[in-house]
Structures are given as structure tokens and as C-alpha cells.
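[1] Predicted model and sequence below, questions to follow.
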Amino acid sequence: QLQLVESGGGLVQPGGSLRLSCAASGFTFRYYAIGWFRQAPGKEREKVSCIGSSAGNTYYTDSVKGRFTISRNNAKNTIYLQMDSLKPEDTAVYYCAKSRDYYCQGSSGFPVDYWGQGTQVTVSS
């Protein structure tokens, strides 16, 4: 059974850091692109970052470039999102998602076929 389980969310002050993890099972992890999405209250879900089956293939939305870093550990079937210099506008539920494809494209073209349950990130003083 395919599973994506996020962890690492929480409450952090502005300027702080968090590392989200997404542990995958039930499919051949190394073959697929994985993405991080977020949804803030009253807003649409947006793609934050993704990583292809090749670790050098990555994408970041403009608002997080230079602050967030995505990585994957195929031996542990896990994706990470290191979030630094967090801002209140980063507050959202963060979801990891599996693509049907091996490649992480830009702002569009991420065909999701499975979502994780989400983890809350709150940036507030």
C-alpha cells in the first residue's frame, strides 16, 4: 500500500528553521519525482518545491528560493525540505506528493497521483 508520511512541522519564530520529512513506502521510490506543496487558510494549494529521480533536478517557487532546500535519500525512501529564514507568510499545511513522472518540471506539469496527510507549519512570534 502506497504511503507518504510527513513529519517535522511545528511552531517557529520568524527567522527560524524547520526540516520537514516525507517518508515513502509502497512504491519504487527512486524512480519518481516528489514534491512539496502548501496550503494556507483561504488560499489555493501551491507547489513549493520538487525533486526528480535525479537529485540534480529540482524546482523552487520564487518566494522560497534561497531559503528552502529540497533533498532526497533513496536509501531511506525519504524526502526532506529544509526551511530556513522562515517568514509568517510561510505558515500553511505542507503536503508531500508523489508524481506519476520521474522528472520535476517548473511551476506546472507535476502530475500528482498520491498525497500525504500534511503537516502544519506556523511561523509566528
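    Noted; the coordinates are in hand. Numbers count the residues shown, from 1 in each chain.

[2] What helix or strand is residue 11 located in?
    Element membership of residue 11 [criterion: DSSP states H and E] is strand 10-12.

[3] Tell me the strands beside whichever helix or strand comes after that strand, with direction?
    Going down the chain from strand 10-12, the next helix or strand is strand 18-25, by DSSP H and E. Strand 18-25 has the following sheet partners, assigned by DSSP bridges: strand 3-7 (antiparallel), strand 78-83 (antiparallel).

[4] what are the ranges of the strands in this protein?
    Under the criterion DSSP state E, the chain contains strands at 3-7, 10-12, 18-25, 34-39, 46-51, 58-60, 68-73, 78-83, 92-99, 112-115, 119-123.

[5] can you tell which of those strands is closest to residue 106?
    Distance to residue 106, taken as Cβ to Cβ, is lowest for strand 58-60 among the strands of the chain, at 5.6 Å. Where you see a C-beta, it was placed from the backbone N, CA and C, and this is true even at glycine.
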